[in-house]
Structures are given as C-alpha cells and as structure tokens.
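Student: sequence first, then the predicted structure:
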Amino acid sequence: MSYDSYLDICLAKYQNPDRTKTEVKEVMSAFQDFRPKFEEFKTSPDETKLLLHLHGTVPAIWKGNTYNTPIAVWISDEHPNTAPTVFVTASTSIIPKWYMDINGKVYTGYIKQWNQNSSLLELISDLVEVFGQTIPLSHYISSSDDRSKSIEDLQLSNYKDPEKTKRDALRITEFFSDIRVLFGEQNFPDGTKKQKLSLSGTVPVEFQDSMDTIPLFISLMEQHPGEAPNVSVKPASNMVVNEKCAYVDQTGLVKTPYLTGWKHPNSDLVGLLQDLIVKFGKMPPLLKKTSATVNILQGTCCPGSSNSYPNNGSVPGRPPHEGNSYNTATDDARK
C-alpha cells in the first residue's frame, strides 16, 4: 500500500484530511526518515483516540556536531485548529529543559503560539533550531566536558566524602543543564562561615498545561550524602513566595517529606529534583508579583516584619549575597 492510500485511510475522520495529508508529506519530503503511523493516543487518563503521528529524528547541530534526536509528533484530528503533541521518544537520558518536561513532552514557543497558519514542517524546523541551542538528551554530553574537570578540581577537605559529593554535583549538571556548581563561603545563623558546595539554577515544571522554570539554590552539607541538603527557591524581583504552597516557607526554604525523610542510598539529588518537579507541578512555590501580592512583598503578611525576606546569609542554604565569597565551578564550561 502506498503512503497516499495509507494516509487517506488514517485521516478519513480528520476535520481537514487534505491539508493534514499535504503537511505530513511536506515533512516526509524535507526530513526523509520521518514516517507516519496510526495508533491509539491517550488524550486523558480515561480516554484514548486513534491519531496519526509522525516519528523520526530531528537533526540539530550542537557544538559543531550533528545529533539526531528521536521524536513523535501526534497530530490532532482537529488539525490545524489544535496544536500537535510532541514527545522526545528516547527511553533514557532525557534532560528536562525550559522547553521539555521530565517525560519528554515538548513545549516550545512555536507550539504554545500555534494557530491556523502554523504547519508541521515549520514545527519540525523550529525544533531543529531549539535542539541546536540546548540538546535534550544527556548521553550527547561528553564525559570529557570542561565542566567535569572544573568540578573535579575542587578541594572539598571539609566534606566527609568529597569525591562522592563532586560526582553527585556533576551528575545534576548533566541532567539539568541550567544548573551551575558554586563553591565558597556561606554565612550561618550562629555567625560562623563555612565553605560549601552548592547548586544554583532552574528546574522545569509543568503547571496547568504550561511549562515554567523554578529557580533553586541547593547547599550540600558536609556529611553528604548522609545528610539532606538545604534547598530554597530563589524568587526574582518580580516574584513572591506562594503562601499556598505547603512545601515552602515565607523565606523560600523548601521542606518536603523527601528532605525530612532523607536516607542514603535511597535518597539522592536526582530523586530530590524529580520529587520537587512533581510537587511544584501541583502547586508552584513562586508567583508573579501583582497588585494582589504586593502586600506580601512589603512584609504586611508577617506582623512585626519590615520585609518578608530575611538576609539571605541568615538561613543555611540560601543563595549567596554580597559579602559571601563564591567561585563558579561550571561557568567556564557554559560560556
């Protein structure tokens, strides 16, 4: 059976079968390893639909090399009125990004702004550009990356297991490419200063069918991995801590059952971030500042307080502030 006949049968119940068929053939002509397939797609926990999807690889140039990322583009039966659903289909090594969640579901700007003038070919071309900016699969990241050497060179003499601590930090940067490793002094409530290895960056979170990123600061304790890290969210100037989020206090300090029940080797940093992605996907820890939240920022939610955010140095694990001395172990690798 020819692809023409196959597509005619598969698209028989689509609202606009002719246009959909034309766009599918355009993709197959431009990206010749893409093929159509007609299968069940789970549109909700209790509902499935028979939909056409295109599966193939997106060639993207990253750091001078071409990498082919496998994807599946599920085409709605309301196409082009409804945006396709796109997944990176690798079974392992997916790195959550600003455009992709931990399950591989893709949310690029092109998909979010999809309209009747959008097309499948333009979508794939957009993915080529996006994947070329930041690759979605961790096994494409070389183990000889400069980032690895920078972290390995750190001297963690105050840590119980410095090599394990460095390996764990490096692993996080491989899975979450926006996260940097920091090393330097942190101020503690008792007035002491300690050299700490920390992780700073964002993790992707899906909330109400929209992808966003949550800025985090993670301070690794000297007994790592035997002791849970200190974790806090880092609200930008246009953000406020969400009082309705049960997992974050007013200072931004994160407290979850995963952290309070930390027990190595069952608990680790990757598992911690995966847990936060799930929990923050149900209730985000930060909100965009609006007139409704300005009173919180002014401290009126806390009687006797002039500011809802204490000095960062007064809370273990808070982000560094002016006066703290930090070296960025991964900066060179990210330039």
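Tutor: Perfect, I can see it now. Since the structure is predicted, the reported quantities are computational estimates derived from the model, not experimental observations.
Student: list every C-alpha atom in stretch 119-130, with coordinates, as PDB.
Tutor: Taking C-alpha atoms only, stretch 119-130 is exported to PDB below (Å, rounded to 0.1, in the frame of the first residue of the first chain):
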ATOM      1  CA  SER A 119       2.400  24.000  10.000                       C
ATOM      2  CA  LEU A 120       4.000  20.700  10.800                       C
ATOM      3  CA  LEU A 121       7.100  21.500   8.600                       C
ATOM      4  CA  GLU A 122       7.600  24.800  10.400                       C
ATOM      5  CA  LEU A 123       7.200  23.000  13.800                       C
ATOM      6  CA  ILE A 124      10.000  20.500  12.900                       C
ATOM      7  CA  SER A 125      12.200  23.300  11.600                       C
ATOM      8  CA  ASP A 126      11.700  25.100  14.900                       C
ATOM      9  CA  LEU A 127      12.800  22.000  16.800                       C
ATOM     10  CA  VAL A 128      16.000  21.800  14.800                       C
ATOM     11  CA  GLU A 129      16.800  25.300  16.000                       C
ATOM     12  CA  VAL A 130      15.700  24.800  19.600                       C
END
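Student: phi first, then psi, for residue 200.
Tutor: When read as degrees, to the nearest 10, the backbone of residue 200 gives phi -140, psi 130.
Student: show me what it is bridged to.
Tutor: residue 180, residue 217 (DSSP bridges).
Student: can you count the residues close to it?
Tutor: Using other Cβ atoms under 10 Å, residue 200 is surrounded by 20 other residues. C-beta: built from backbone N, CA, C; applies to glycine.
Student: if I look at it, how far off is residue 15?
Tutor: Taking Cβ to Cβ, to the nearest Å as the measure, residue 200 falls 47 Å from residue 15.
Student: which pLDDT value belongs to residue 232?
Tutor: Looking at residue 232, its pLDDT reads 94.
Student: so where's the stretch 101-250 of the chain uncertain?
Tutor: For the stretch 101-250 of the chain, residues meeting the criterion pLDDT under 70 lie at 138-150, 188-189.
Student: ok, and the closest non-adjacent residue to residue 215?
Tutor: Of all residues not flanking residue 215 in the chain, residue 234 sits nearest, at 4.0 Å (Cβ to Cβ, 6 or more residues apart in numbering).
Student: from what I see, that neighbour and residue 217 are in contact.
Tutor: Yes: judged on Cβ atoms under 8 Å, residue 234 makes contact with residue 217 at a distance of 5.3 Å.
Student: for stretch 229-240, the distance to its chain's centre please.
Tutor: Centre-to-centre, stretch 229-240 and its host chain are 16 Å apart (Cα atoms, centre = their mean, to the nearest Å).
Student: buried stuff in that stretch?
Tutor: 229, 230, 231, 232, 233, 234, 235, 239, 240 (16 or more other Cβ atoms under 10 Å).
Student: with stretch 122-131 instead?
Tutor: 123, 124, 125, 126, 127, 130, 131.
Student: my read: the last one touches residue 61, true?
Tutor: No: because the distance of 9.1 Å does not satisfy Cβ under 8 Å, residue 131 is recorded as not touching residue 61.
Student: quick one: common contacting residues for those two?
Tutor: Any residue near both residue 131 and residue 61 by Cβ atoms under 8 Å, 6 or more residues apart in numbering counts here, and that gives residue 67.
Student: would you map the strands across the chain?
Tutor: Here the chain has its strands, by DSSP state E, at 35-44, 47-62, 65-75, 85-88, 180-187, 193-207, 210-220, 230-233, 239-241, 286-288, 326-328.
Student: can I get those in TSV with distance to residue 101?
Tutor: Formatted as TSV, the strands of the chain follow (distance: least, Cβ to Cβ, whole Å):
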stretch	distance to residue 101
strand 35-44	16
strand 47-62	17
strand 65-75	14
strand 85-88	10
strand 180-187	21
strand 193-207	5
strand 210-220	6
strand 230-233	18
strand 239-241	21
strand 286-288	18
strand 326-328	27
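Student: to residue 105, which of those strands lies closest?
Tutor: Smallest distance to residue 105 across those (Cβ to Cβ): 5.6 Å, for strand 85-88.
Student: avg pLDDT for that closest one?
Tutor: 94.
Student: what lies in contact with that strand?
Tutor: Outside strand 85-88, the residues that touch it by Cβ under 8 Å, 6+ apart are 41, 69-74, 76, 94, 100, 103-106, 108, 111, 123, 127, 136-137.
Student: show me which positions of it end up buried.
Tutor: Applying 16+ other Cβ under 10 Å to strand 85-88 flags 85, 86, 87, 88 as buried.
Student: how close does residue 51 get to residue 70?
Tutor: 18 Å.
Student: who has more neighbours, the two?
Tutor: Set side by side, residue 51 and residue 70 show more neighbours around residue 51, with 21 against 16, by other Cβ under 10 Å.
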